[in-house]
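Asks: sequence and predicted structure below; questions after.
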Amino acid sequence: MSDADSTDEFEPVQVFETTNMDLRPGSDDCYKCSTCDTSCPVAEVDDEFPGPKFQGPEQWRLKRKEGHDIDDSIKGCSNCMRCDDACPSSVPLSQMHNTARGEYVESQRFGREALAALRRGEPREALSIVRDGREGFVERVRNRVLANYRASAWLASKVPWLANRAMNFGPARWLMEETLGVTKEREFPEFADQTFREWWVERGGAHVENPDKQVAYFHGCYSNFNTPEVAKAMVHVFEEFGYEVLVPPQKCSGTPMFANGMLTDARRHAVTNVENLAAAIENGADIVASCTSCSMALRQEYPELFDLDGIDSVAAHTYEAVEYLRLHEDLEGALAEAEVDASEFAYHAPCHARNQGLDRQAIELFADLDGATVEDVGDSCSGISGTYGWKEEKYDYSMEIGEEMFEHMESATGETGMTECPTCAMQMEHGTGYEIRHPLELLEGALVDDTVSSA
Ligand code: SF4
Ligand code: SF4
């Protein structure tokens with residue numbers, strides 16, 4: 001284990017060879033073309049958000065050359081990562097944003113500063129720090145609750161019937177908005193009666209043993225606690241192709257923590273994930289994820305932000321689940337011989353799928369599947385971006401960003417949505433009322449026998 005592994009504190013990794021975590025070489029690659037700004041969905045609707053060029057290279061230069069504090073507009077970035085994809089000069093924009101956001105959030109820990117003032121024997125100073133930081137404190141608590149979804153979902157999964165009623169009880173939603181700033185406009189997602197991991201244990205684990213074809217499944221929080229049907233579909237489809245599926249111990253991928261600047265929390269989760277996934281890789285498995293934000297985190301954000309033994313190996317061996325099958329099996333061939341009951345889907349490619357080059361995957365994949373029509377609803381952002389659209393002050397922006405997608409969904413022939421991202425699915429359902437499916441569920445319907453998919 002390296003020194004960096006032995007502490008929970010977030011420490012930026014050294015990304016560029018000649019510097020000590022100095023992202024300036026990346027900022028120097030920026031030639032101010034503003035392509036990133038025109039691709040930013042938040043800058044389009046929020047006049048106060050200065051856009052990715054400022055958040056990335058400009059702020060970085062200012063900070064390094066003139067010692068500026070991180071500007072608080074960094075909180076407005078939803079971490080959709082569309083600017084990364086847009087930049088023709090490969091400026092590491094999202095890495096800059098994540099790092100700046102982490103630094104900004106650390107600088108807002110007024111409790112520590114107040115304590116230090118008390119220790120110095122300066123109670124008046126301590127009081128004034130607390131007074132100034134009170135507003136930020138509530139926001140910080142809210143963001144921590146949203147970012148640590150795994151903890152609240154774990155608790156809710158112990159009494160799902162109660163959690164489902166309590167969290168969607170009107171007055172409770174009103175109270176959440178008034179006290180914490182979590183919008184009351186959205187319905188909380190339902191928790192499943194049985195989590196995926198409980199199902200996996202009850203089932204007796206893998207039904208296929210095959211040391212030559214093993215995948216370790218990173219199911220993430222949502223497929224475990226809310227949509228185990230997606231995780232089960234993933235298992236059934238991979239077993240159909242003769243894979244032995246492993247389900248290693250794991251925590252949150254860290255995606256909601258990156259977006260809220262909680263890099264110390266994210267690192268703690270990454271330590272567990274990397275340790276277990278790297279061990280599976282050592283034993284010959286590759287890693288597959290059914291959520292495109294989880295695969296994005298393991299592939300790109302982990303090595304950009306953390307220095308942990310095995311992290312590069314995890315990044316190099318991680319795939320989105322359907323992508324993995326397309327690379328290793330004749331998936332299109334199998335689908336061309338299959339058929340499903342007539343069904344029409346309005347498909348939205350999540351921004352994080354786009355960043356991995358997977359935005360056309362579902363459309364291409366199901367093109368020859370008899371019975372199914374999958375229609376692309378365009379390249380706009382859904383607007384929810386994980387926790388962004390759950391924040392009371394961002395809700396209206398989130399819906400304004402999503403408007404184009406809602407309209408395209410409604411003009412598509414299908415009245416069922418499809419996407420790989422669980423929070424995009426929430427937004428699609430919220431904006432249109434459609435039921436939303438994951439491509440793995442359609443694959444399961446097409447390729448897996450009913451008697452197998454019920455086991
Ligand atoms: S797209 Fe890239 S090069 Fe152009 S302004 Fe943005 S960061 Fe700079
Ligand atoms: S990550 Fe998304 S919201 Fe943030 S600056 Fe880039 S494009 Fe804008």
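Replies: Noted; the coordinates are in hand. Ligands and ions are numbered 1, 2, ... in the order given.
Asks: regarding this structure, what is its longest helix?
Replies: helix 123-147 (DSSP state H).
Asks: the residue of the chain most remote from its centre and ligand 2, how far apart?
Replies: Distance from the centre of the chain peaks at Gly121, with 43.8 Å (C-alpha atoms, centre = their mean). With distances taken as C-beta to the nearest ligand atom, to the nearest Å, Gly121 is found 43 Å from ligand 2. No exception for glycine: its C-beta is placed from N, CA and C like everyone else's.
Asks: do Cys36 as well
Replies: Going from Cys36 to ligand 2 by C-beta to the nearest ligand atom gives 7 Å.
Asks: doesn't Ser89 make contact with that residue?
Replies: No: applying C-beta atoms under 8 Å as the test, Cys36 and Ser89 come out as separate, 9.5 Å apart.
Asks: who has more neighbours, those two?
Replies: More neighbours surround Cys36 than the other of Cys36 and Ser89, with 26 against 14 (other C-beta atoms under 10 Å).
Asks: just the element for the more buried one, please.
Replies: Taking DSSP states H and E as the definition, Cys36 sits inside helix 35-39.
Asks: so which elements touch that helix?
Replies: Helices and strands touching helix 35-39, by 3 or more C-beta pairs under 8 Å, 6 or more residues apart in numbering; DSSP states H and E, are helix 52-53, helix 82-86.
Asks: look up the closest residue to Asp286, ignoring the ones flanking it.
Replies: His317 (4.9 Å; C-beta to C-beta, 6 or more residues apart in numbering).
Asks: which phi and psi does the one you found have?
Replies: phi -100, psi 10 (degrees, to the nearest 10).
Asks: mind listing what it touches?
Replies: Neighbour list for His317: Leu277, Ile281, Ala285, Asp286, Ile287 [criterion: C-beta atoms under 8 Å, 6 or more residues apart in numbering].
Asks: ok, of those, which one's closest to ligand 1?
Replies: Ile287 (30.1 Å; C-beta to the nearest ligand atom).
Asks: how near is the closest one to Met257?
Replies: Going from Ile287 to Met257 by C-beta to C-beta, to the nearest Å gives 19 Å.
Asks: the two: who's more crowded?
Replies: Applying other C-beta under 10 Å to Ile287 and Met257 shows that Met257 carries more neighbours, namely 32 against 29.
Asks: shouldn't the more buried one be within a helix?
Replies: Yes: counting by DSSP: H, G, I helix; E, B strand; the rest coil, Met257 is found in a helix.
Asks: got a list of what it touches?
Replies: Counting by C-beta under 8 Å, 6+ apart, Met257 has contacts Ala147, Asn148, Leu263, Asp265, Ala266, His269.
Asks: would you mind giving the secondary structure of Ala342?
Replies: With three-state DSSP as the criterion, Ala342 reads strand.
Asks: wait, what's in contact with it?
Replies: Contacts of Ala342 by C-beta under 8 Å, 6+ apart are Gly371.
Asks: and the contacts of stretch 260-271?
Replies: Residues contacting stretch 260-271 (C-beta under 8 Å, 6+ apart): 5, 8-10, 74-75, 98, 101-106, 143-144, 146-148, 150, 251-254, 257-258, 302, 305-306, 308, 311, 387.
Asks: name only those of these that count as buried.
Replies: 5, 10, 74-75, 98, 101-106, 143, 146-148, 150, 251-254, 257-258, 302, 305-306, 308, 311, 387 (16 or more other C-beta atoms under 10 Å).
Asks: mind checking how far whichever residue of the stretch 251-400 of the chain sits closest to ligand 1 is from Ala86?
Replies: Using C-beta to the nearest ligand atom, the single residue of the stretch 251-400 of the chain nearest to ligand 1 is Asn355, 14.4 Å away. Asn355 is 10 Å from Ala86, where distance means C-beta to C-beta.
Asks: of these two, who's got more company?
Replies: Taking neighbours as other C-beta under 10 Å, Asn355 and Ala86 compare with Asn355 leading, 20 against 17.
Asks: residue contacts, the more buried one?
Replies: Met81, Arg82, Asp84, Asp85, Met296, Gln300.
Asks: pLDDT value on the residue of the stretch 251-400 of the chain closest to ligand 1, please?
Replies: pLDDT, Asn355: 92.
Asks: same check on Tyr104?
Replies: Looking at Tyr104, the pLDDT reads 89.
Asks: am I right that it is in contact with Ile74?
Replies: Yes: contact criterion C-beta under 8 Å: Tyr104 and Ile74 qualify, at 5.2 Å.
Asks: confidence score at Ala114?
Replies: The model's pLDDT for Ala114 equals 74.
Asks: for Glu301, see how far away it is.
Replies: Applying C-beta to C-beta to Ala114 and Glu301 gives a distance of 32 Å.
Asks: who's more crowded, these two?
Replies: Glu301 (25 against 21).
Asks: enumerate every residue touching that one.
Replies: Neighbours of Glu301 in contact, by C-beta under 8 Å, 6+ apart: Ser94, Gln95, Asn98, Gly254, Thr255, Phe258.
Asks: mind checking the SS state of the residue most central in space within the chain?
Replies: Compute the mean C-alpha point of the chain, and by C-alpha atoms, centre = their mean the closest residue is Ser293, 3.6 Å away. Under three-state DSSP, Ser293 falls in the helix class.
Asks: correct me, but it touches Gly254?
Replies: No: with contact defined as C-beta under 8 Å, Ser293 and Gly254 do not form a contacting pair (9.8 Å).
Asks: I'd guessed Thr413 sits against Val374; true?
Replies: No: if you go by C-beta under 8 Å, Thr413 and Val374 don't touch, sitting 10.5 Å apart.
Asks: which neighbours do these two have in common?
Replies: Glu344.
Asks: for these two, indicate the residue with more neighbours.
Replies: Counted by other C-beta under 10 Å, Thr413 and Val374 do not tie: Val374 has more neighbours, with 21 against 9.
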